[in-house]
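J.: Just the structure for this:
(chains A and B)
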Amino acid sequence: MIRALLCVMLLAFPFSLTAHEMLPTYPKFTPSFIEGLYKTNIRMFNKRSDVEYYEVSVWDEEWNPIPFATSSSVLKIPHLGKVQFDLYVRKKDLNSVEYICSMSKLKKENITRTSVATRVCSRVK
Amino acid sequence: MSTKILKLAVLGTIGLTSFAQAETVPITGQVESRCVIVTDTAGVYGNPNAYTLTTDPSQGGVESVVRFDVTLADSYYARITSPTEFSSSPNLPDVVTWTGNTEVDAVSDASTMGTYESNKIQYGNTDQYDLTATGSTWFKTSSEAVLGGSRPYPGGNYTALVLAECIAK
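T.: Predicted coordinates:
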């Protein structure tokens, strides 16, 4: 019981401010207002104080890159900042899209002697 | 006199009634499946001899620790890759031999996560874990870089990156 409570508290109130989060886990594409383009909405939350930039990428099942469009493929998200953006892919690529990923971009001057790059990938089912 | 007091009491009551109105302010939230990667500890290389950099704590290093928080069971893979190159370093006189390993450091529920380590898949410097239960898992990654020919590392700053990935199934 105590373990379960601890687990819930940990997940609900993460005390560490060094996390990388991207939602939804399973995004759905819908037709956009531009003919031939489909879009999905991605939300990100930056709790990493050592990271300000995240790079978005789209991949097929074999991890080959797929062209996409967003307002910017590298997003500036301040510490504890939230970003919500639309991601567009062409209709002909829609069935190939498997993963949408965001990866932390570390500034050279911010890196300590070793550091952790994080990547979170949602899957299009 | 008593009439005045009565009037004041009535007016006061009316006034209080008008100030006792309440407004509700909604707080909305959304619960959905998610995987959060928390960078718990950035590693540090110790330098036990001239040609070795290692995160081994017994050699003066610090192992890197990342935590994965998962709110939906059996929906994510954790992949952790130990470094295979320096992201920045002085010019090196020889090639570097890299070794690294990742293992489960702690779990929030041993009964459901106890098999993570034995069930992991290793390829190259990457270890992949199937996160079959909800909760938190801490992974620690060690790294060692040995300069060829037992040559001494030039003085300067050396940085390397551990890559922690959470991939939806």
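
J.: any idea how far B:R67 is from the residue nearest in space to the middle of chain B?
T.: For chain B, the residue sitting closest to the mean C-alpha position, by CA atoms, centre = their mean, is B:V38 at 2.1 Å. Separation of B:V38 from B:R67 (CB to CB, to the nearest Å) stands at 4 Å. Any C-beta I mention is one placed from the backbone N, CA and C, and that applies to glycine too.

J.: Correct me if wrong: the residue nearest to the centre of chain B contacts B:V70.
T.: No: contact between B:V38 and B:V70 fails when scored by CB atoms under 8 Å: they sit 11.5 Å apart.

J.: Give the burial count for A:K39, as a bare number.
T.: Residues lying near A:K39 (other CB atoms under 10 Å in any protein chain shown) number 20.

J.: Could you look up the SS state of it?
T.: Assigned by DSSP: H, G, I helix; E, B strand; the rest coil, the conformation of A:K39 is strand.

J.: List the contacts of it.
T.: A:F29, A:T30, A:P31, A:S32, A:D86, A:L87, A:Y88, A:V89 (CB atoms under 8 Å, 6 or more residues apart in numbering or on different chains).

J.: Include neighbour count and secondary structure when you put those residues into CSV, please.
T.: Shown next, in CSV, are the contacts of A:K39 (neighbours: other CB atoms under 10 Å in any protein chain shown; DSSP: H, G, I helix; E, B strand; the rest coil):
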residue, neighbour count, secondary structure
A:F29, 17, coil
A:T30, 9, strand
A:P31, 12, strand
A:S32, 16, coil
A:D86, 13, strand
A:L87, 20, strand
A:Y88, 17, strand
A:V89, 22, strand
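
J.: just these now: which is nearest B:E165?
T.: Checking the contacts of A:K39 against B:E165 by CB to CB gives A:L87 as the nearest, at 18.9 Å.
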